[in-house]
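K.L.:
task: produce atomic coordinates for the following.
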Amino acid sequence: MPTKRPIKTFLFVTMLVLSMLLLFGCSSDSTSTTDKGNNDNSSNTDTNQAASEPQSGGTITIASMQEPDTLDVHKTAMSIASNVTSHLGGTLLAINPETNELEPNLAEDYSVSEDGKTITFKIRQGVTFTDGTPLTAQVFKDTFDRILNPDTGATVAASLIGGIQSTSAPDDYTFVIELVAPSAPFLRNLTSQGYLQPLSMSAIEKFGDDYGRNPVGAGPFIFKEWTTGQSITLVRNEDFNWPQRNAQNQGKAYPEQIVYKFITDAQTMLAALDSGSIDVAMGVAPKDVQKYRNNPDFYVLEADRQGLGLFLEMNVEDELLADLNVRKAINMAINKEAIIKAVLNGEGSPAYGPIPSTIFGYDPNVENYGHKLNQEEAVSLLEDAGFTKNSKGIMEKDGKELSFELTTMGQYNQAAQMVQAMLKDVGINLNIQSMEAGTLIEKVSQGEYDLSFLAYSYSDPDILYLLFHSSQIGGLNHSRVKNAELDELLEKGRITIDPEERKQVYARVQEIVVENAYWAPIYAEKIFYVVNSRVQDVKLSNVSIEYQDAWVKQ
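P.N.:
As a prediction, the model looks like this:
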């Protein structure tokens, strides 16, 4: 008989809430979360009701600098899509933010077999989708099978449940997952609120290709409308009474509506926050946070990102970037400290490898062997590769200039311009192409780029499988890395349960990634959110914003 096994047998104190796997600081987890204020400010006390008493009603308006490409979470790699849809559904398991332990959610209980390969869930009864269909074990099976079906085209969602051999639903409320091998990160992957929520198969059948504009879940809010380029509106699910166990509010949500308003310019977003037209600003730059810290009309939430706030991906299939000397030279031309000072107001740390110190398995030795700023060595490497500077100061070989296009988004423009100047100093020409996030992800996933700026959030070193394993080319392996030794180690890291052995695996993985200069890591950072004090009890579950307890002062 399968028996409940201690979570720490399989997992570590690291955390995974992948509302945002890739991009933009909208979700990840950190054990060093600092909440700068969920409490009422005396200057904002409601005269008719004590501010400590939650009120029903009102709208919470959240600013996002990105707009989703689709709300079909199986067909997106955008964090904002997962962020929005997290309000529409739930997950088998959840993370208790106080203990960092796994706990049942839409599964009322679960067990793991002694060999670690069979996981059995007892599905919570009485849960219904907002279209009226009941949540059953068969729904979970259909959802997971849809993710794993290659015809679906799932990327992030499929990566999160990779390693499944089969799923079954022996009765209405028993869901069974069979793994090919024990998986260290698998159970925590199941807490990914957006990507791995159960979907209404009736709605998918009804809407077909338009499902991404008509999502249906079993969560506290219901999709209402999407005005392209402007906003997405969700309304309260009046029948909802199955929140995560650690929530103080164990009934339906307090706000009547949640609105995501798309504001692509950071200063415009802050102006909207100041005017009161939005309530929550996500991903506020460190240089802009200070003015809100001691302002009673706002409170600041902050946490260390478990992931990198900025890194430069290199497409190794590009003719010029296929040369290791060129990739190393790009690394050595970049002044990370200068970028941190200018872009983050100094509130960040340089990154020398593909994971930061906040993620389990980080190898501190990377700070010694990682590529450092050395413009002279960068020039020497390019010369060794056969390049010489022409009359314009640009390196060239066989009459062809060393020139690349940097694909980026508006929020990284300052860093992009700084890197452009730094590369020019060593004879590399860089053209900047800024685009909308969804377009960027599509291009880099297909390998249609030279260099690209991105960020990611994840709490387990298994992120490196998603980013560098050859099977993920066309998905999140944007650099299109094919390295047999790396593949073998990344596969081993997934099934190695002993923490110390697993650390050794990922120490070597980091060495290989740095030795081959697949990326130019730039910085790790903190994530900041600013909230209007009229919206109370917005909380961070590590770095993901939680609204189940949030309410609006009327």
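K.L.:
shaky segments in the protein?
P.N.:
Scanning the chain for pLDDT under 70 picks out 1-51, 542-543.
K.L.:
and the nearest residue to residue 131 once chain neighbours are set aside, backbone torsions?
P.N.:
Among residues not flanking residue 131 along the chain, residue 216 sits closest, at 5.0 Å (CB to CB, 6 or more residues apart in numbering). In this view, the C-beta of every residue, glycine as well, is placed from N, C-alpha and C. Dihedral pair for residue 216: phi -130, psi 130, per degrees, to the nearest 10.
K.L.:
and residue 216, how far from residue 233?
P.N.:
Plainly put, residue 216 is 15 Å away from residue 233 if you go by CB to CB, to the nearest Å.
K.L.:
which of those two has more residues huddled nearby?
P.N.:
residue 216 (24 against 19; other CB atoms under 10 Å).
K.L.:
please tell me I have it right and that one contacts residue 132.
P.N.:
No: counting by CB atoms under 8 Å, residue 216 stays clear of residue 132, with 9.8 Å between them.
K.L.:
burial count for residue 185?
P.N.:
25.
K.L.:
could you do residue 416 as well?
P.N.:
Neighbours around residue 416, by other CB under 10 Å: 22.
K.L.:
so what's it up against?
P.N.:
Contacts here follow CB atoms under 8 Å, 6 or more residues apart in numbering; on that basis residue 416 touches 406, 408, 432, 434, 453.
K.L.:
shouldn't it be within a helix?
P.N.:
Yes: applying DSSP: H, G, I helix; E, B strand; the rest coil, one finds residue 416 inside a helix.
K.L.:
residue 346 versus that one, what's the distance?
P.N.:
Here residue 416 is placed at a distance of 19 Å from residue 346 (CB to CB).
K.L.:
for residue 246, which non-adjacent residue is spatially closest?
P.N.:
residue 96 is the one closest to residue 246 (CB to CB, 6+ apart), at 4.9 Å.
K.L.:
element containing residue 83?
P.N.:
helix 79-85 (DSSP states H and E).
K.L.:
can I get that helix as PDB, trimmed to CA atoms?
P.N.:
Extracted in PDB, the C-alpha atoms of helix 79-85 (Å, rounded to 0.1, in the frame of the first residue of the first chain):
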ATOM      1  CA  SER A  79       4.000  34.700 -16.600                       C
ATOM      2  CA  ILE A  80       1.200  37.200 -16.800                       C
ATOM      3  CA  ALA A  81      -1.100  34.600 -18.400                       C
ATOM      4  CA  SER A  82      -0.400  32.300 -15.500                       C
ATOM      5  CA  ASN A  83      -0.800  35.200 -13.000                       C
ATOM      6  CA  VAL A  84      -4.200  36.200 -14.300                       C
ATOM      7  CA  THR A  85      -5.500  32.600 -14.600                       C
END
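K.L.:
in terms of secondary structure, what does the next helix or strand after that helix contact?
P.N.:
Using DSSP H and E, the helix or strand that follows helix 79-85 in sequence is strand 93-95. Other elements packing on strand 93-95 under the criterion 3 or more CB pairs under 8 Å, 6 or more residues apart in numbering; DSSP states H and E are strand 102-104, helix 186-189.
K.L.:
cutoff 7 Å now
P.N.:
Here strand 93-95 touches strand 102-104, going by 3 or more CB pairs under 7 Å, 6 or more residues apart in numbering; DSSP states H and E.
K.L.:
touching the strand it packs on from outside, list them.
P.N.:
7, 93-96, 110, 187-188, 245 (CB atoms under 7 Å, 6 or more residues apart in numbering).
K.L.:
mind putting the residues you listed into CSV with distance to residue 74 and neighbour count?
P.N.:
Below are the contacts of strand 102-104 laid out as CSV (distance: CB to CB, whole Å; neighbours: other CB atoms under 10 Å):
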residue, distance to residue 74, neighbour count
7, 27, 17
93, 19, 23
94, 20, 24
95, 22, 25
96, 27, 13
110, 23, 21
187, 20, 19
188, 20, 27
245, 27, 11
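K.L.:
quick check, nearest of these to residue 223?
P.N.:
When the contacts of strand 102-104 are compared for distance to residue 223 (CB to CB), residue 94 wins out at 21.6 Å.
K.L.:
which strand residues bridge that closest one?
P.N.:
Assessed by DSSP bridges, residue 94 has beta-bridge partners residue 103.
K.L.:
could you check how far it is from residue 199?
P.N.:
As judged by CB to CB, residue 94 and residue 199 stand 18 Å apart.
K.L.:
for residue 216, same thing?
P.N.:
For residue 216, the distance to residue 199 - CB to CB - is 7 Å.
K.L.:
same check on residue 501?
P.N.:
Counting by CB to CB, the gap from residue 501 to residue 199 is 37 Å.
K.L.:
the more surrounded of these two?
P.N.:
Neighbours per residue (other CB under 10 Å) separate residue 501 from residue 199, with residue 199 holding more: 26 against 11.
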